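Asks: next comes the sequence, and after it the predicted model I'd like to discuss.
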Amino acid sequence: MKPEFTGIPLIKNDSEKQYELTIEGYTAVIRFNETPHHITLVHTEVPAELEGKGAGTAIVEKTLESIEQSGKTLVPLCPFVFAYIKRHPDWKRIVDPGFKGFNQA
């Protein structure tokens, strides 16, 4: 993640079921579903104004850190998050053991 994004807080908006990261007045989001043991990430949206600036990477990294701190496991159904974890396989440590997507990709 770019250093300028490290101090920007990630918001977990439970009522909207999304993680939010506001950069330069624009908000990137990752939508999720949650159970007592898992968080499933289903969709990432980055406003066009933030594309190519590293906002997508920043929200994914901050979201993965938040999930790890929660003690829950991750089900990465969002293609953007799935691709990020394929490029950074150390994050597989938080992926739910029942998720078999990486075995088939």
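Replies: That came through, no problem.

Asks: so where's this structure shaky on pLDDT?
Replies: Along the chain, segments meeting pLDDT under 70 span 104-105.

Asks: all helices of this protein, in order?
Replies: For the chain, the helices defined by DSSP state H occupy 55-70, 79-87, 101-104.

Asks: keeping just the C-alphas, turn the shortest one into PDB.
Replies: Read that as helix 101-104. Extracted in PDB, the C-alpha atoms of helix 101-104 (Å, rounded to 0.1, in the frame of the first residue of the first chain):
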ATOM      1  CA  GLY A 101     -11.100 -21.700  -5.100                       C
ATOM      2  CA  PHE A 102      -7.300 -21.400  -4.900                       C
ATOM      3  CA  ASN A 103      -6.900 -25.200  -5.500                       C
ATOM      4  CA  GLN A 104      -8.700 -24.900  -8.800                       C
END
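
Asks: hmm, who's touching it?
Replies: Helix 101-104 is contacted by residues 76, 82, 85-86, 92, 95 when judged by C-beta atoms under 8 Å, 6 or more residues apart in numbering. Heads up, the C-betas are built off the backbone N, CA and C, glycines and all.
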